[in-house]
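Enquirer: got a sequence here, can you build the structure:
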Amino acid sequence: MSDRKFIITVAALGAAMLATALGAPTATAGVSQMTVKPNLSVGSATNYGTGCTHQLLARLSVGIIPVAFYDNGELLAVVAPTDGVAMYNWVPSYTGAHTMTAVQDGIASSANVSVGRGFRFGESCVVTGG
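Expert: The predicted structure is shown next:
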């Protein structure tokens with residue numbers, strides 16, 4: 001092998017090894033959207049009530065890393081996602097302002113809700129105040 005071919009071969013192998021070491025770009029995990037669904041709760045000022053079940057829904061950029069749900073900074077649960085979505089049924093225990101946050105791999109998204117007093121009627125809830 002000539003010196004020129006040897007240098008080209010070594011350069012090509014070096015470039016291939018560097019590309020393998022760096023790999024393809026990876027997707028960053030994180031919550032792309034956080035939603036608080038009122039479910040079957042209704043009220044005049046807010047649809048979120050104490051004692052009522054509401055669904056926290058986090059849409060994710062990576063669907064395999066667990067998601068932590070928080071209420072005003074207090075950990076509620078860590079949930080394994082399914083099909084790029086993590087869900088948690090939340091029952092507020094006190095009235096007032098709540099910042100609901102979902103965090104995946106350090107990336108967070110939040111939603112603010114006002115919670116009134118809930119009165120359950122079967123699966124539905126009537127909310128006063130808020």
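Enquirer: where does the chain dip in pLDDT?
Expert: In the predicted model, the chain carries pLDDT under 70 at residues 1-28.
Enquirer: hmm, 80 instead?
Expert: Low-confidence segments of the chain (pLDDT under 80): 1-29, 62-63, 130.
Enquirer: where along it do the strands fall?
Expert: 31-37, 41-43, 48-49, 54-60, 67-71, 74-79, 85-90, 96-104, 107-121, 124-128 (DSSP state E).
Enquirer: most packed of the ones you listed?
Expert: Comparing these by mean neighbour count (mean count of other CB atoms under 10 Å), strand 48-49 comes out on top with a mean of 26. For glycine as for every other residue, the C-beta is placed from the backbone atoms N, C-alpha and C.
Enquirer: counting contacts, what elements does that strand pack onto?
Expert: If contacts are counted by 3 or more CB pairs under 8 Å, 6 or more residues apart in numbering; DSSP states H and E, strand 48-49 sits against strand 41-43, strand 107-121, strand 124-128.
Enquirer: okay if I get the ones you listed as TSV plus distance to Thr95?
Expert: Rendered in TSV, the data for those read as follows (distance: least, CB to CB, whole Å):
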stretch	distance to Thr95
strand 41-43	11
strand 107-121	5
strand 124-128	10
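Enquirer: closest to Ala58 out of those strands?
Expert: Closest approach to Ala58 among these is made by strand 107-121 (6.9 Å; CB to CB).
Enquirer: skipping its backbone neighbours, what lies nearest Gly49 in space?
Expert: In this structure, Gly49 finds its nearest non-sequential neighbour in Gly118, 2.4 Å apart by CB to CB, 6 or more residues apart in numbering.
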